[in-house]
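> can you look at this prediction? I've put the sequence above it.
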Amino acid sequence: MACLFFSGRVGAAADAKYGSDMVRIPAGAFLMGSNDGPEDERPQHQVDVAEFLIDRNQITNAQFVQFLAAKGSKAPDGQVWYDVDDNDARIHQRGGKWTADPGHEDHPVVEASWYGALAYCNWLGKRLPTEAEWEKAARGIDGRKYPWGNDAPDRSRAHFAAGWNDFRPVGTFPKGASPYGVLDLSGNGWEWVSSAYLPYPYDPKDGREDLNRVQIRGTRGGGQDSSPDELTTTQRGRKVSRNPRGGHHNIGFRCVR
C-alpha cells in the first residue's frame, strides 16, 4: 500500500467527521524486540520503517458506532466484524439504531474481530499498523522499555491489573505518552496489528503481512487486565486469545496511514 507523507502533525481537524487525531512517526530505523524478554521477543534486531501517521488514541465505541451504522456488523461473506452477541460488547442496537452503551462511549472498542478492525480502518482510507510500526510508535529510537521511558508502570501512566471489562476513557493518561505523543500504548486494552504472530526477526515480505491469509494475528500493548510485565513496548501478547475471526473482551485497535 502506498504511503502518504506529511511534514508535520495532523490534528483533529483533518478527520473531524470521525474525531480522529493522528500523530506523525518519522521514517528511520529502530531496535525491535528484546534480548532479555520472553523468547518470542528475540532476537532484538534493527528495522527500518517509512514515515506514517498513527491515531493518537485507540478507537472508541462511539467511533465504531459510525462504522456499524454504515456497514453493519458482518461482511457480505458473513465474516463477523463485531461480536454484538458477546456479553462484553458495549455497542448494541436500540430502536434499530447502533449506539454505544451509556457511560462507555469514550472507552476503547472491544469485541471487534481482526477483520472488523481491518474493515474499519479501510473504511476511513487507513489500515492497521504493522507490528514494526506499532512498536516504533511506542518506543521511539532509544530502546525504552515502556512508552514513557524505563520507570515501572504506575496508575498515573497506564490502566492495568483491573477487572474483566473495566476500561478508562481513551487519553486519560497523558503521563504515559510515547516519545511521539501517542497515548494508551500500554494498558487499557490490547491492540490488533496487521502482522501475523510469527517468529522474529520481523520481515514484512515473509507472509506475515499477507492480509488474505488466515493467520493468528499479533496484539500489542497489554490490556486493562494485564500484569505490569505485559505493558512493555516489546510485549507480543503470546498468552492472549486472539483468533482473528472473533471478537475478544480485551482487544481493541487504532489505525495508521
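It's in.

> please identify the helix or strand for G116.
Assigned by DSSP states H and E, G116 falls within helix 114-123.

> chain center to the helix or strand following that helix: distance?
Proceeding N to C from helix 114-123, the next assigned helix or strand is helix 131-139, under DSSP H and E. Distance of helix 131-139 from the chain centroid (Cα atoms, centre = their mean, to the nearest Å) equals 10 Å.

> helices or strands next to helix 131-139 in the packing?
Secondary structure elements in contact with helix 131-139, counted by 3 or more Cβ pairs under 8 Å, 6 or more residues apart in numbering; DSSP states H and E, are strand 20-25, strand 28-32, strand 45-49, strand 52-55, strand 190-196, strand 217-220. For the C-beta atoms, the positions are set from N, CA and C on the backbone; glycine is no exception.

> pull the CA atoms of that helix into CSV?
Extracted C-alpha coordinates of helix 131-139, given in CSV (Å, rounded to 0.1, in the frame of the first residue of the first chain):
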residue,chain,number,x,y,z
GLU,A,131,3.9,-4.8,14.3
ALA,A,132,7.0,-2.9,13.5
GLU,A,133,5.1,0.4,13.1
TRP,A,134,3.3,-0.1,16.3
GLU,A,135,6.5,-0.8,18.2
LYS,A,136,8.3,2.2,16.8
ALA,A,137,5.4,4.5,17.7
ALA,A,138,5.5,3.1,21.2
ARG,A,139,9.3,3.1,22.0
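
> by contact count, what packs against the helix holding G116?
With contacts taken as 3+ Cβ pairs under 8 Å, 6+ apart, helix 114-123 sits against helix 61-71, strand 190-196.

> please identify the most buried of these.
Stretch with highest mean neighbour count among those: strand 190-196 (a mean of 26; mean count of other Cβ atoms under 10 Å).
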